[in-house]
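Novice: Here is a sequence with its predicted model. Questions after.
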Amino acid sequence: MKSRLSSKLVLSAVALLASSTLASAGGWQTDTQGTSNWHVSPPIGQCNVSRAKNRAIRAGIYRSEIVYRDENVLTFRGLTLEGDRKEITFGNESSCPELKSRDIP
């Protein structure tokens, strides 16, 4: 009975240690104030959605939402300052190159 209890305790400790190291590798990131943020970096060589959204803002497209995404491109739709609807497409590379931009009727 005693050996079963100690083996369960050891297994629980190993599982807890493994899960905490996996959580720190990606996902929940904690700071010194006790708050946690979810952060997963994009794979190397791919465009980050937030970077592409910032590039859309710099191109004059605000309130943008992602409407299409695959392994090659990210497409956003949003509004210009004049209220016109616009669509912009970025390549799925680390520099997020702008591939095309068009007005939506």
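Specialist: Done, it's in. Numbering: from 1, shown residues only.
Novice: can we go C-alpha only for contacts and neighbour counts from here?
Specialist: Will do.
Novice: quick check: domain ranges of this protein?
Specialist: Following automatic domain parsing, one finds the domains of the chain at 2-39, 49-103.
Novice: Name all residues that make contact with the closest residue to residue 69 other than its chain neighbours.
Specialist: Excluding its sequence neighbours, the residue lying closest to residue 69 (CA to CA, 6 or more residues apart in numbering) is residue 75, at 6.4 Å. Residue 75 makes contacts with 66-69, 87-90, as judged by CA atoms under 8 Å, 6 or more residues apart in numbering.
Novice: Would you map the strands across this protein?
Specialist: 27-30, 36-39, 62-69, 73-79, 85-91, 98-103 (DSSP state E).
Novice: would you list those in a markdown table and tack on distance to residue 52?
Specialist: Shown next, in a markdown table, are these (distance: least, CA to CA, whole Å):
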| stretch | distance to residue 52 |
| --- | --- |
| strand 27-30 | 21 |
| strand 36-39 | 17 |
| strand 62-69 | 10 |
| strand 73-79 | 8 |
| strand 85-91 | 7 |
| strand 98-103 | 9 |
